[in-house]
Each structure stands twice: as structure tokens, then as C-alpha cells.
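**Q** Turn this into a structure:
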Amino acid sequence: MAFLKSKLRPLYLHFLDRELRRAENVTFSDFDILEFLIASVLNSWFYCYSSASLLQESNKLFPQSTSALLELEKCGFVKLLTNEHSFNEFIRSRREIYAHKESRYPMYFDEANENLWPSKPELIGSSTTSSIRNSMLEWMDTKFAINNVLSKDIFYPGILNSFQKKLIEERNKAITLDLLLQTEQLNNDEIRRNSGRVVSYFYTKRYLDLYDGDILSNLPHLSFYNKLSSNSEINDFRVLQCILRCCSIPKYFFTNAILNLEKLMVFLNSPYFIFFKIELIATHRSLVELSKNQGQGDMTQIIKLFESNFISQAIKIQSSPQEFLHQAYLALSTTALSLIKRHDSLFEFYNMAKQELTTAKRILIVTATPIETKTFLKAMALIGSLPTQLPIEKLIFWNFGIINNSEILMIKLGDMGSSKVSASTLVVKEAIEAIKPTYVIMLGIALGLKRDKHIMGTILVSRELEGYESAKISPEGIIQRGHRIPAGTTLISRFDSSSITYDKHPVEVGLIISGDKLIDNEKIVKQLKMSFPEAIGAEMEGTGLQVSSHRESVEWIVIKGICDWGYDKQNEDKERNQEEAIRNVCDYFIYTLKYYPI
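**A** Here you go, the predicted structure:
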């Protein structure tokens with residue numbers, strides 16, 4: 001739970017502080033600040049925050065970033081803090097504390113702009129200036145070194161005494177380098193840097209302490225402040241930047257170097273954005289653990305590994321924000337699963353991160369025949385869900401992303417039935433080991449055993465499943481020895497409930513029997529009906545699916561549509577009946593997923 005606790009901390013946007021940038025003598029572009037801002041929003045589980053005053057101070061240098069901050073604040077992604085109740089009160093207070101340096105702070109005088117006041121300012125009820133003053137004076141009375149680097153011993157004689165005097169005598173002024181240093185001292189790089197770091201350290205710490213917050217670490221030229229992060233590894237900007245740039249972020253949101261704010265907000269406000277964020281955080285954590293496992297203190301090689309393995313083909317930069325979000329999620333999750341499978345020890349960290357942050361379930365869909373697979377792909381495409389291919393060792397999965405809080409992946413068997421090498425028993429077992437699904441659902445076609453009751457295309461749902469191959473043959477006849485196994489409790493609950501309200505095609509929930517025989521014989525069908533009078537249908541792959549799922553403690557269910565009656569199958573309607581049956585099944589599955597979330 002330590003990981004979850006770290007991720008629940010809001011992120012403070014320390015890179016917006018111009019005194020901090022001044023101390024480090026660093027100049028960022030508007031694009032740089034926007035990239036830091038977008039990475040912060042994507043990496044923060046709840047929200048980011050900053051001082052409302054930084055809107056006024058940043059607007060001239062970073063106009064696009066300021067506009068983005070205001071829009072993000074309106075939508076709750078960013079909180080802007082102040083201890084003033086109105087813009088006018090805010091400007092009055094700033095004119096008082098910056099009266100000694102009006103030329104450096106024109107945004108509080110002639111250039112004051114009410115449009116840069118937040119829509120819902122977050123009141124903090126205490127003075128930042130007083131807090132920083134008290135912290136600095138306390139530091140001067142102790143011996144501790146800031147970040148184990150910045151000790152009082154490195155300052156020239158008299159400078160700290162001057163600081164102390166200014167802090168006590170100039171109580172009504174903002175604590176800046178201009179207050180603390182003379183002009184010649186400001187022009188000395190070492191004095192300016194060390195003095196600025198003291199001020200910026202306590203300024204940043206003040207805001208972190210307010211909300212028990214955190215910061216991005218390893219921002220270019222700002223590594224001095226890394227130790228203020230409670231968990232610099234999972235807030236490492238270098239790793240975030242690598243992952244996001246592979247996903248064409250923030251590139252997607254820009255046209256000719258101009259931020260398309262509407263695109264960004266549609267992306268962030270999508271109901272599926274949370275799943276992309278979870279995937280980003282889980283992938284980030286996995287890369288950090290991979291670096292540790294390989295004994296690499298530097299993340300450079302891990303970043304190169306991720307970049308070289310990233311599956312970017314799914315991302316189309318011209319897509320709508322919703323489509324782009326889906327594509328970026330698929331590319332990221334497919335790459336993560338592919339990488340993690342090659343490093344088995346990482347799956348625990350990846351899976352744990354996802355489990356701690358979400359209730360989303362992973363569903364593995366299993367199909368057996370080409371017509372079942374093609375029809376499912378078409379059905380998913382109709383709802384806008386286009387997959388990416390995910391090869392893991394000998395298996396190929398189709399990754400459809402998140403649909404109504406369920407992550408959908410599909411695999412096609414190499415053979416019909418349960419007992420062959422590429423049939424359901426072994427393939428489903430390997431698939432479960434590879435992707436660790438919460439549920440396994442087999443969709444396909446079956447023969448009907450209730451011709452007097454059902455019609456072609458009727459959807460059969462396995463409340464129970466029994467193999468018909470296990471039997472004792474004696475002079476007295478055939479005695480069935482299979483076990484009748486109930487399907488997964490959650491899955492039965494959902495599909496049984498949905499069968500009541502689904503009205504496009506008939507649905508029957510009951511016993512389905514399973515065996516390796518491809519039946520086209522009326523005599524065999526009659527024998528099965530005598531042996532299993534309750535059975536509503538028969539199919540070929542369910543036994544293997546049930547056995548492998550049961551051994552791995554994974555819930556399963558079989559859903560198949562009637563395409564024939566087990567005899568007289570070779571007729572001109574065969575292909576049409578099969579297509580209709582699996583199409584009905586896919587429609588019913590998608591309906592259940594939508595209205596009865598699994």
C-alpha cells in the first residue's frame with residue numbers, strides 16, 4: 001500500500017516558480033512548461049496545485065501555459081491557492097509586499113489582469129511569506145544542511161547575518177532574492193544560486209506541507225529539488241517524458257507549435273482517461289522496478305529499452321481526441337504487457353499498481369473458428385473498438401482496451417475441441433498464465449438440443465457445463481461419468497440478469513455439454529439427449545476452457561449460438577446460420593457489458 005499512498009499525494013507545480021528558475025539560472029520555453037504541466041496532470045492521481053499568484057507572474061513568459069492552467073483549474077485538474085478572497089484583495093496585498101520592486105513585478109501594478117484570477121480559488125488561510133520567514137530563521141539557528149548539500153558554511157561571511165536582519169526588519173515585503181541580496185551579489189552566480197536555493201527550498205516545502213504534496217523529479221536543471229519528493233522514482237519526469245512521447249503526447253495537442261486546448265480538455269475529460277492514467281502509472285512503476293532488478297541506478301538504458309519496444313503503429317495523430325486516447329491506451333498497455341512478459345518478476349508490480357488504483361477487470365475472450373473470430377472483430381469495430389495485436393511467446397492476443405470498466409483481450413484457438421495441442425485446454429492455460437485475466441468467456445457456435453423449443457440463432461449460456469466424453473460403456477449401456485461444473489458466480493449473475501432484459505434474440509441459460517466430437521449424426525444427437533435430458537446445447541471447446549480456468553482459479557462461462565441441430569448440417573444455409581449465431585452472441589455479450597458491467 002506504500003505505492004498507493006505515494007500516488008495519492010497531489011503534485012505541486014514547483015517549476016512555475018520564477019524565483020526558483022532564477023536561482024538555477026534556467027530558461028524554459030512555453031512548450032517546456034506545457035510538457036511539464038501535462039506530465040504532472042497525467043501522473044497525479046487526484047489533482048495538481050500551485051499558487052494563484054503564479055498565473056500573473058507566468059502569463060507574459062508562458063501565455064499558453066497560463067491559459068491551460070486556467071482551463072485545467074475550471075475542470076478540477078489543478079487547484080490554485082491563495083489566502084485572499086477576491087482579485088482586488090489579492091492585488092492590494094501584492095502591491096504592498098512588492099512595493100520595493102515594482103519594476104520587476106509590473107503584473108501586480110499597471111499590468112494587473114483580473115482574467116488571470118482562478119474561477120474557484122482555493123483558500124489556504126495562512127501567509128506564505130510568514131511561513132517562509134519563520135522557516136528560514138529557524139534554519140539559521142540550526143546546523144542542518146538543506147538536501148544534505150546546502151549548509152550555512154558555504155555562504156560568504158556576513159550574508160546570512162544580512163538575511164536574518166532583512167527577514168526581521170522587512171516583515172511586510174515578499175521574500176525574494178531582490179530583498180535579500182545587493183546588486184553585486186545578484187550578479188555573482190554562486191551567491192545568487194545558493195541564496196535562491198534557500199528561498200526556493202522553503203517556498204516549495206511550504207506548499208508541499210500544505211497538502212502533503214509531491215513534485216515531479218528530474219526535471220531538466222531542477223534536480224536540486226528532487227529530495228523534496230516523497231517518492232522521486234515514481235515521479236521521475238525522464239521516464240514519464242519517454243512514455244508520453246512514445247504515445248505522441250504532448251505532440252498530439254499541438255498544431256504549428258500552438259496548443260489546441262480543446263483537444264487537451266476533451267482528452268482529459270473522457271470517461272476513459274482514467275484507464276490511460278492507470279496504465280501510465282503502472283507502466284512507469286514497472287520500468288522503475290526493472291531498473292532495480294537489473295542493478296541499474298540510471299534509468300537511461302531502461303528508457304531506451306521501452307522506446308525500442310514501443311508499439312506505435314496503432315497511434316494515428318490525425319484521430320479525434322477520443323480515438324487518440326483509445327489508441328494511446330492500446331499501444332501503451334500492449335507494450336507494457338509484452339515487456340513485462342519477458343521479465344516475469346515485474347508482473348507483480350505492474351498488476352499490483354493496477355489493482356491498487358482501479359476496479360477494472362481483465363476479460364479474456366476465447367474463440368475457436370475463423371468465423372467466430374471475424375464476427376467478433378466486426379462487432380467490436382461497430383462500437384469503435386479496434387484492437388492491437390499483442391504477441392506473447394507462442395500466443396497472439398487482440399487487445400481492445402477498456403469498455404465500461406472492463407479490459408477486453410481476445411485469443412483464437414489453433415484447433416477446435418479441447419484435447420489437441422492447439423485446442424482449448426492448453427491454449428487457455430497458457431493464455432491465463434500470460435495475461436492473468438479476471439474472467440474467461442468463450443464465445444462461439446453450438447448445436448441445439450431443444451429443437452422443439454429453440455430456433456436458429458438462439459443464444460445459449462452455460463449455467464453449468466458437463467463433458468460427455470467421460471463415460472463407462474458396459475453391456476447395460478453407457479453411463480456418463482463427467483462432472484457437472486457451475487460457471488463463475490459473477491459471470492452467471494451478469495449474463496442471467498441480462499438475458500431477462502435483452503430482447504433482440506432469444507437467450508436460454510442452462511446446462512451445456514461439451515466433447516471433442518464434431519457431430520453430424522441424428523443417432524448420436526438422440527443418445528446425447530437421452531443421457532443429458534436437461535442439456536440445452538452441445539459444443540466442443542468448453543471442457544478444456546473449464547478445466548484450465550478452474551485450475552487457475554479464474555471465473556469462466558461459455559456463451560454460444562445455435563447454428564445447427566447436430567445433423568443434416570451440409571446444406572446451403574450452413575454458413576449463413578453460423579454467422580447469424582455468432583453475430584447474435586457478440587451482440588448479447590456487448591449488451592451485457594454495457595448495461596450489466598462485469
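
**Q** C-alpha only now, for contacts and for neighbours.
**A** Fine.

**Q** Show residues contacting stretch 391-402.
**A** Applying Cα atoms under 8 Å, 6 or more residues apart in numbering, the contact partners of stretch 391-402 are 272, 275, 326, 329-330, 334, 338, 341, 385-390, 407-412, 431, 434.

**Q** just checking, which of those belong to strands?
**A** 388-390, 407-412 (DSSP state E).

**Q** Can you tell me which of those lies closest to His14?
**A** Using Cα to Cα, Glu407 is the member of the ones in strands among the contacts of stretch 391-402 that lies nearest His14, at 35.4 Å.

**Q** and the closest one, how many neighbours does it have?
**A** 18 (other Cα atoms under 10 Å).

**Q** Please tell me how far it sits from Ser135.
**A** Applying Cα to Cα, to the nearest Å, the value for Glu407 to Ser135 is 49 Å.

**Q** What of Ile363?
**A** Per Cα to Cα, Ile363 is found 53 Å from Ser135.

**Q** Please say which of those two ends up with more neighbours.
**A** Ile363 (22 against 15).

**Q** And the contacts of the helix or strand that the more buried one is a member of?
**A** Using DSSP states H and E, Ile363 falls within strand 361-367. Residues outside strand 361-367 that contact it (Cα under 8 Å, 6+ apart): 373, 405-413, 428, 436-444, 598.

**Q** What's the first helix or strand after that strand?
**A** Using DSSP H and E, the next helix or strand after strand 361-367 towards the C-terminus is helix 370-382.

**Q** Return the set of buried residues in that next one.
**A** In terms of neighbour count (16 or more other Cα atoms under 10 Å), helix 370-382 has its buried residues at 371-373, 375-377, 379-380.

**Q** ok, which pair from these is furthest apart?
**A** Taking Cα to Cα, no two of the buried residues of helix 370-382 sit farther apart than Ile371 and Met380, at 14.2 Å.

**Q** re the thing from before, quick check, nearest of the buried residues of helix 370-382 to Arg576?
**A** Ranked by distance to Arg576 (Cα to Cα), those are led by Ile371 at 10.4 Å.

**Q** Spit out the contact partners of that closest one.
**A** Contacts of Ile371 (Cα under 8 Å, 6+ apart): 578-579, 582.

**Q** Going through the residues you listed, which ones are buried?
**A** Among the contacts of Ile371, the ones that count as buried by 16+ other Cα under 10 Å are 578-579, 582.

**Q** Among those, pick out the one closest to Ile38, please.
**A** Lowest distance from Ile38 to the buried ones among the contacts of Ile371 (Cα to Cα) belongs to Ile582, with 43.3 Å.

**Q** ok, now which ones touch the closest one?
**A** Taking Cα under 8 Å, 6+ apart, we find Ile582 in contact with 371-372, 375-376, 443-445, 457, 560-561.

**Q** likewise Val421?
**A** Val421 is in contact with 415, 427, counting by Cα under 8 Å, 6+ apart.

**Q** ok, and it, which helix or strand is that part of?
**A** Counting by DSSP H and E, Val421 is found in no helix or strand.

**Q** give me phi/psi at it?
**A** Phi and psi for Val421, reported as degrees, to the nearest 10, are phi -60, psi -40.

**Q** just the buried residues of helix 370-382 now: which is nearest Ser418?
**A** Using Cα to Cα, those come closest to Ser418 at Glu372, 16.5 Å.

**Q** Tell me how far the closest one lies from Val509.
**A** Separation of Glu372 from Val509 (Cα to Cα): 20 Å.

**Q** now swap in Glu170 and tell me
**A** The gap separating Glu170 from Val509 is 80 Å, by Cα to Cα.

**Q** and these two? which has more neighbours close in?
**A** Taking neighbours as other Cα under 10 Å, Glu170 and Val509 compare with Val509 leading, 17 against 14.
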